[in-house]
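S.K.: Whatever this is, show me its structure:
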Amino acid sequence: MNARKITRTFCVALMGVIFVAPAFGQFAEDALRFSQLGLGVGARALGMGNATVGFVSDYSALFWNPAGLASIRSYEFSVGLAGHNYGNDVSFFGVNNKATNTSTNLNNLGFVYPVPTRRGSLTFGFGYGRVNDFTGNASFEGFNSTSTIIQSMTPGRNLSNMTQNEQDEFLANNIPYQLWLANIDTVQGTLVPVVTGNVQQIVSVTEGGGLNHWVFGGALDLAKELSVGASFNIVSGSYSYDRQYTESDIRDIYVDNSAEPVYDFARFDFESTIKSDISGYNALFGLMYRKQGVMKFGLAVRTPTVYEIEESFSDEGRSYFDNGDQPDPIRFSNSTKYKITTPIVFSGGASFQIGEWLVLAGDAEYTDWTQMEFNTENLDLVEENRVIRRVFRPTTNLRGGVEMTIWELGLKLRGGIVWNPSPFKADADDRNFDQLYYTAGIGLMVDESTTLNAAYALGTWKTFRDNYYLSGIPNPSRTSERINTNNVNVTLSYRF
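M.R.: Numbers count the residues shown, from 1 in each chain. Down below sits the predicted model:
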């Protein structure tokens with residue numbers, strides 16, 4: 001199986017599961033979704049392309065490099081909002097479709113408390129940060145002459161090898177059979193789909209939710225120019241997935257020309273929903289060396305996050321026929337729990353002060369994605385751990401930024417770039433699958449105590465999805481997608 005094909009399904013591979021009973025499968029893509037962090041916390045950081053590890057010196061240090069807290073000598077209150085727009089241009093069987101989804105959330109809310117000391121610095125901070133947004137969607141339709149999702153839901157198992165009770169259970173839980181879209185081949189003893197191609201496929205997928213960190217941390221000076229820090233995060237969040245899928249006989253190919261009414265197929269509707277509640281914990285440790293007025297150098301290590309996912313899901317199918325026949329809808333629902341451990345993340349960065357008005361900053365962040373893991377005794381998930389090691393690779397994210405100060409106007413102008421290489425081995429030679437963000441920002445000193453920062457980030461990359469898999473038919477229902485995101489972050493800081 002193609003490496004990218006396995007993990008680019010955004011949960012639509014659910015329908016590749018054999019429906020012997022109401023069931024749901026977790027995939028390597030689920031582990032990746034919860035392991036990646038988004039554009040992070042703080043408008044100042046975002047405006048600089050998140051090049052923060054050797055630069056940050058505000059409340060957001062708790063999320064990038066907590067050693068940066070040691071630079072704060074005044075009490076600080078911070079609050080920020082973030083808006084996310086997700087646009088998807090989809091090509092599907094030669095038809096181009098567009099879809100968008102938006103969300104607005106509290107990005108950060110927190111407080112920094114410096115402890116008075118005779119020498120050096122001792123600073124604590126606590127609060128909240130929205131570290132990732134799962135908002136996404138896709139809508140597309142096209143005519144598929146070679147396959148249907150009904151085929152992927154009709155496993156070619158030999159019924160004659162089953163006991164009568166096993167057969168009854170198998171057929172009772174097979175959606176196409178219950179909806180008159182599959183028959184039993186009495187000669188071969190297998191379940192055979194009635195609809196095998198020449199259908200209009202219409203799909204709408206909507207995703208939502210995000211990850212939140214509730215953080216407490218602190219930093220202290222070990223020496224005049226050297227500080228260390230740590231922050232501890234309690235993670236909460238949610239993920240939602242809703243797919244509406246339709247296959248219809250728009251060209252009237254399936255006509256009632258036999259005694260079997262099932263051949264008068266008109267339409268098959270399928271809906272899948274997933275709701276996940278996420279909890280977990282991790283820690284971030286940092287070090288920062290400061291050469292006053294010249295440069296800063298930082299290192300940070302994020303420990304693996306241990307997640308516990310509680311998931312509820314449902315699948316519902318309906319079929320329609322031109323002669324008016326309509327079997328009762330069939331619906332399955334269930335719930336499950338599983339655990340995921342994310343990789344350890346190493347970051348390093350530096351910033352350089354050029355004169356009094358210009359700062360240059362850069363970061364590198366290393367993650368070995370093969371270290372993602374499902375923590376379970378379930379044999380299916382153990383196999384997914386093997387898939388993770390086979391299809392993923394280590395990557396190094398690069399971030400760079402610049403900040404220019406215009407003293408006369410009390411302004412700081414910022415710009416940056418973020419490059420996140422694709423974690424899939426199969427994408428190593430195609431940079432189109434890498435995530436690329438261009439950022440810009442502005443900072444305004446409202447008065448001596450109050451600062452307003454705003455930032456914008458434009459993201460772009462390519463991806464694809466497979467609606468289902470069929471043995472012997474490569475890419476039976478694949479999209480080609482271009483993702484464009486627009487992100488806005490506004491943060492208000494008050495120091496006193």
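S.K.: hey, let's count contacts and neighbours off CA atoms from now on
M.R.: Noted.
S.K.: does Arg290 count as helix, strand or coil?
M.R.: Following DSSP: H, G, I helix; E, B strand; the rest coil, we place Arg290 in the strand state.
S.K.: So what's the residue count around it?
M.R.: 20 (other C-alpha atoms under 10 Å).
S.K.: other SSEs contacting the longest helix seen in the chain?
M.R.: In the chain, assigned by DSSP state H, the helix with the most residues is helix 379-391. Secondary-structure packing of helix 379-391 (3 or more C-alpha pairs under 8 Å, 6 or more residues apart in numbering; DSSP states H and E): helix 3-7, helix 28-35, strand 373-375.
S.K.: Let's see that helix as CSV, backbone CA atoms only.
M.R.: Extracted C-alpha coordinates of helix 379-391, given in CSV (Å, rounded to 0.1, in the frame of the first residue of the first chain):
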residue,chain,number,x,y,z
LEU,A,379,-3.6,-5.8,18.0
ASP,A,380,-5.0,-3.5,15.3
LEU,A,381,-3.4,-0.4,16.9
VAL,A,382,-0.2,-2.3,17.4
GLU,A,383,-0.2,-2.7,13.7
GLU,A,384,-0.7,1.0,13.3
ASN,A,385,2.4,1.6,15.3
ARG,A,386,4.3,-0.5,12.6
VAL,A,387,2.6,1.7,10.0
ILE,A,388,3.9,4.8,11.8
ARG,A,389,7.4,3.6,11.7
ARG,A,390,7.2,2.6,8.1
VAL,A,391,5.6,5.8,6.5
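S.K.: Give me the angle between that helix and helix 28-35.
M.R.: Following axes from the mean of the first three to the mean of the last three C-alpha atoms, to 10 degrees, one obtains 80 degrees for the angle between helix 379-391 and helix 28-35.
S.K.: So what touches helix 379-391?
M.R.: 3-4, 26-28, 369-374, 376, 424-426 (C-alpha atoms under 8 Å, 6 or more residues apart in numbering).
S.K.: May I see the buried residues of it?
M.R.: For helix 379-391, burial by neighbour count (16 or more other C-alpha atoms under 10 Å) applies to Leu381, Glu384, Asn385, Val387, Ile388, Arg389, Val391.
S.K.: Tell me how far the last one lies from Ser471.
M.R.: The span separating Val391 from Ser471 equals 20 Å under the rule C-alpha to C-alpha, to the nearest Å.
S.K.: Average pLDDT for stretch 130-146, rounded please.
M.R.: What stretch 130-146 shows for mean pLDDT is 95.
S.K.: tell me which residues in that stretch are buried?
M.R.: Quick answer for stretch 130-146 (16+ other C-alpha under 10 Å): 130-144.
S.K.: Break down the stretch 201-350 of the chain into its strands, ranges please.
M.R.: For the stretch 201-350 of the chain, applying DSSP state E, counting those that start in this stretch gives strands covering 226-248, 265-291, 295-302, 306-321, 330-341, 345-354.
S.K.: What average pLDDT does the third one get?
M.R.: Per-residue pLDDT over strand 295-302 has a mean of 97.
S.K.: neighbouring contacts of that strand?
M.R.: Strand 295-302 is contacted by residues 53-55, 64-65, 282-290, 344-353 when judged by C-alpha under 8 Å, 6+ apart.
S.K.: Out of the residues you listed, which end up buried?
M.R.: 53-55, 64-65, 282-290, 344-353.
S.K.: could the strands of the stretch 201-350 of the chain go into TSV alongside distance to Ile417?
M.R.: Listed next are those as TSV, based on distance: least, C-alpha to C-alpha, whole Å:
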stretch	distance to Ile417
strand 226-248	26
strand 265-291	22
strand 295-302	19
strand 306-321	30
strand 330-341	29
strand 345-354	14
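S.K.: Those strands: which one's closest to Arg478?
M.R.: strand 226-248 (13.9 Å; C-alpha to C-alpha).
S.K.: Just the buried positions in that closest one, please.
M.R.: 226-248.
S.K.: what's near enough to touch the closest residue to Gly237 other than its chain neighbours?
M.R.: Nearest residue to Gly237 in three dimensions, chain neighbours excluded: Leu211, at 4.5 Å (C-alpha to C-alpha, 6 or more residues apart in numbering). The contact partners of Leu211, by C-alpha under 8 Å, 6+ apart, come to Arg130, Val131, Asn132, Asp133, Val235, Ser236, Gly237, Ser238, Ile278.
S.K.: Quick check: pLDDT value at Leu211.
M.R.: pLDDT, Leu211: 97.
S.K.: Return the set of residues that bridge with it.
M.R.: Beta-bridge partners for Leu211, by DSSP bridges, are Asn132, Gly237.
S.K.: re earlier: next, give me the two most distant ones among the buried residues of helix 379-391.
M.R.: Leu381 and Val391, at 15.1 Å, using C-alpha to C-alpha across these.
S.K.: mind checking which helix or strand of this protein has the lowest mean pLDDT?
M.R.: Lowest by mean pLDDT, DSSP states H and E among the helices and strands of the chain is helix 3-7, with a mean of 35.
S.K.: wait, Thr479 sits on Ser91?
M.R.: Yes: assessed by C-alpha atoms under 8 Å, Thr479 is found in contact with Ser91 at 5.8 Å.
S.K.: Understood, closing this out.
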